[in-house]
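[1] Generate coordinates for the sequence data below:
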Amino acid sequence: MKHNLTHGAAIGGGFAVNSLVGMTTLAGIVIHEIPHEMGDFAILLKSGFNRWEATKAQLITGLGGVLGAVMALYYSSSSHSTLWVLPFTSGGFLYVALVKTVPDLLKENDLSHSFRQFIGIIGGLSIIYFIVLYIG
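    Got it, this is the predicted structure:
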């Protein structure tokens, strides 16, 4: 739920800045969330949930995104909110990446697997760079 709250706040904060930032943020999060939610759904099914229960669980956790977006848009009515909403949500993403993901990457012993992960990170950073360069 906390993860989705951050996503919603990022989307709402992006739209508070302007529609281009909002759409770019939305696209990035949707691209990230589709495989993530499919994986969560599969885990729920393997854990004994039926399809309806898994769908309900996914929808309930997804409400965090709606709540985050509503909160970001509500607070965007203040004059200085755009100065903190996007940095706050960026911090949330960095927390997830650095605290939850990097330790797993550092445990990897297979050099070819580590190289593929590194290429993926460079690819993601390159996409963001080109979006900012050509659209922003």
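
[2] With Asp104 as the reference, measure out to Ile11.
    Shown here: Ile11 relative to Asp104, a distance of 26 Å by CB to CB, to the nearest Å. Backbone N, C-alpha and C define where each C-beta goes, glycine included.

[3] Then Gly91?
    Taking CB to CB, one finds Gly91 at 20 Å from Asp104.

[4] Can you read off the backbone torsions of Ser47?
    phi -80, psi 0 (degrees, to the nearest 10).

[5] try Lys107
    The phi/psi pair for Lys107 (degrees, to the nearest 10) is phi -80, psi -10.

[6] circling back to that earlier point, look at Ile11 and Asp104 and report which has more neighbours.
    Ile11 (26 against 9; other CB atoms under 10 Å).

[7] these two touch, right, the more buried one and Gly28?
    No - using CB atoms under 8 Å, Ile11 makes no contact with Gly28, being 9.5 Å away.

[8] Specify the local secondary structure of Ser77.
    coil (DSSP: H, G, I helix; E, B strand; the rest coil).

[9] actually Lys56, not the one I wrote
    Following three-state DSSP, Lys56 is assigned to helix.

[10] neighbours of it, just the number please.
    Around Lys56 there are 13 residues (other CB under 10 Å).

[11] Likewise for Lys2?
    By other CB under 10 Å, the residues close to Lys2 number 12.

[12] Tell me the spacing between it and Val96.
    Separation of Lys2 from Val96 (CB to CB) stands at 9 Å.

[13] so where do the helices sit in the chain?
    Under the criterion DSSP state H, helices of the chain are mapped to 2-17, 19-46, 51-75, 85-95, 102-106, 111-134.

[14] Quick one: list the elements packing against the first one.
    Using 3 or more CB pairs under 8 Å, 6 or more residues apart in numbering; DSSP states H and E as the contact criterion, the secondary-structure elements in contact with helix 2-17 are helix 19-46, helix 51-75, helix 85-95.
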